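Colleague: Predicted model and sequence follow; I will ask about them next.
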Amino acid sequence: MSHGFAGTKGVAVGDISSSDDECWKVGSPDRRLARWVSLYLAFQRIAPVPETRTMIALNSVVVGIDLDTPVRQQMAGSPLATVSPVVGLSTKPLTYTRVGRERGIIIELTPLGARALFGLPLREISRISVGIDDLLGARARRLREELQAARDSNHRFRILDRRLSSWLLDAPELPKSLDRSWRSLTISGGAIRIDDLAERAGLSRQHLATRFHREVGLPPKAVGRIARCHHAIRLLTGTNPPPLPRLAVLCGYTDQAHLNRDFRLLIGRTPTALLRGSATDFFLGSLISLCPTPLTGTNLEAGRPLF
């Protein structure tokens, strides 16, 4: 098995896993799309018995394009579109069960990319999941047909580059002040103060919060909270991870209890349980390392997708 992994500096192209029952491959979008698109992930797998999948809370919009008809079942409190779901920003993990054959593509969009692609304020799709056909109509159906007819994963990635370039590069953008604020929160691991963001944007704190919530999908404070949790996971899964009390301090939590509480709310697991692994597959997104060092022997290191 060769591990491709997604980190803070982009995505390496390579097979994540390959067997008779499953195959995963990550791809880097064209460099021109870097501000709009974070990740491509092609996948194929067979689950003979129902498996539980979880997407942790992310500061991005995740688009699934099913190339085969899936068999999914929602779990309580986790609404998921039945086919080709688009999942907006949310402060809760999304969990569901899946059985049978699945084959498709995941695209992870920044708020800038999602705003340009779907042409609506992201608050309208935050905390929910909606089918891509409901958002893109005939464009989604044509794209799916092209992807189904493609030769292999690399061909599918190039089709996505071509289509997304034509749809995104000249589309109306998220206001620059809001895009900069989202990137500052994400890159800093939630360490930047909202007052400082407002000052840089030339807006009052309330005005920034209102516009940010409408256009990005969550309030700035919630985006910062998710970014802080992501930063903690990066440290936890990196070389020489600090003890949990020290991890809490490094990431700006008041104490380890605060760290554990945020992990449960945003991921559905404590830090210890996340590394220990279980029957649940986690999708962590492109901003978090998918290959812990040292290896944990869990699904975390394989970067399992959820669709």
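Modeller: Thanks, I have the structure now. Numbers count the residues shown, from 1 in each chain.
Colleague: Only C-alpha atoms from now on, for both contacts and neighbour counts.
Modeller: Fine.
Colleague: Verify the stated contact: Asp68 with Glu102.
Modeller: Yes: with contact defined as Cα atoms under 8 Å, Asp68 counts as touching Glu102 (6.1 Å).
Colleague: Who has more neighbours out of the two?
Modeller: The neighbour comparison of Asp68 against Glu102 (other Cα atoms under 10 Å) goes to Glu102, with 20 against 14.
Colleague: just how off-centre is the one helix or strand the more buried one maps to within its chain?
Modeller: Following DSSP states H and E, one finds Glu102 within strand 94-109. Counting by Cα atoms, centre = their mean, to the nearest Å, strand 94-109 is centred 12 Å from the centre of its parent chain.
Colleague: Check stretch 229-248 too.
Modeller: 19 Å.
Colleague: buried set for that stretch?
Modeller: 229-238, 241, 244, 247-248 (16 or more other Cα atoms under 10 Å).
Colleague: how long is it end to end?
Modeller: 10 Å (Cα to Cα, to the nearest Å).
Colleague: Use 27 as the first number from now on
Modeller: Shifting the count to begin at 27 puts that one at stretch 255-274.
Colleague: Give the residue spans of the stretch 127-276 of the chain that score low on pLDDT.
Modeller: Along the stretch 127-276 of the chain, no part satisfies pLDDT under 70.
Colleague: As CSV, the buried residues of stretch 255-274 with distance to Leu229 would be great.
Modeller: Listed next are the buried residues of stretch 255-274 as CSV, based on distance: Cα to Cα, whole Å:
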residue, distance to Leu229
Cys255, 27
His256, 27
His257, 27
Ala258, 30
Ile259, 32
Arg260, 32
Leu261, 33
Leu262, 36
Thr263, 37
Gly264, 37
Pro267, 39
Leu270, 37
Leu273, 33
Ala274, 31
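Colleague: From those, which land in helices?
Modeller: Under the assignment DSSP state H, the buried residues of stretch 255-274 contribute Cys255, His256, His257, Ala258, Ile259, Arg260, Leu261, Leu262, Leu270, Leu273, Ala274 to helices.
Colleague: For the stretch 77-226 of the chain, which segments count as helices?
Modeller: 137-144, 158-162, 164-175, 179-194, 202-213, 220-227 (DSSP state H, counting those that start in this stretch).
Colleague: Please name every helix or strand in contact with the fifth one.
Modeller: Spelled out, that is helix 202-213. helix 220-227, helix 231-242, helix 246-262 (3 or more Cα pairs under 8 Å, 6 or more residues apart in numbering; DSSP states H and E).
Colleague: contacting residues around the shortest one?
Modeller: Residues from elsewhere that reach helix 220-227, judged by Cα atoms under 8 Å, 6 or more residues apart in numbering: Ser203, Leu204, Ser207, Ser230, Arg231, Leu234, Pro246, Lys247.
Colleague: what bridges to Tyr122?
Modeller: Per DSSP bridges, the residues bridged to Tyr122 are Arg79, Gln100.
Colleague: Quick check: it touching Thr80?
Modeller: Yes: the pair Tyr122 / Thr80 is scored as a contact, 6.7 Å apart, by Cα under 8 Å.
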